[in-house]
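**Student:** my questions concern the predicted model and sequence given below.
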Amino acid sequence: MLKDIETIINTQDDIRVAVSNWDEGGAWISLMSGSWSSNVAMTRDEALMLLDGLKAVLQAEVEA
């Protein structure tokens, strides 16, 4: 049985970002604020592409 994993981040703009495991190796991402919310289920490959994109953005910030 897969252990449930959830990570929650509250941004400085009062947006709650939650990430949890989903389906078979995928990820569920949820963005929430006072008056709206949005969710997306991602396959493992899609989540890895998002991770690579975030790393590239953060690396570019450091190198600038």
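**Tutor:** Noted; the coordinates are in hand. Quick caveat, the model's predicted, so the values are computed rather than measured.
**Student:** show me where pLDDT drops low in the protein?
**Tutor:** Residue ranges of the chain with pLDDT under 70: 1-2, 61, 64.
**Student:** can we see that at 80?
**Tutor:** Applying pLDDT under 80 to the chain picks out residues 1-3, 61-64.
**Student:** now the helices: where do they sit in it?
**Tutor:** 44-63 (DSSP state H).
**Student:** neighbours around residue 47, how many?
**Tutor:** Residue neighbour count, defined by other Cβ atoms under 10 Å, stands at 20 for residue 47. Quick note: C-beta positions are derived from backbone N, CA and C, even for glycine.
**Student:** next: residue 31.
**Tutor:** Based on other Cβ under 10 Å, the number of other residues close to residue 31 is 14.
**Student:** residues in contact with the residue nearest to it when sequence neighbours are not counted?
**Tutor:** Among residues not flanking residue 31 along the chain, residue 38 sits closest, at 4.9 Å (Cβ to Cβ, 6 or more residues apart in numbering). When contacts are counted by Cβ atoms under 8 Å, 6 or more residues apart in numbering, residue 38 touches 30, 31, 32.
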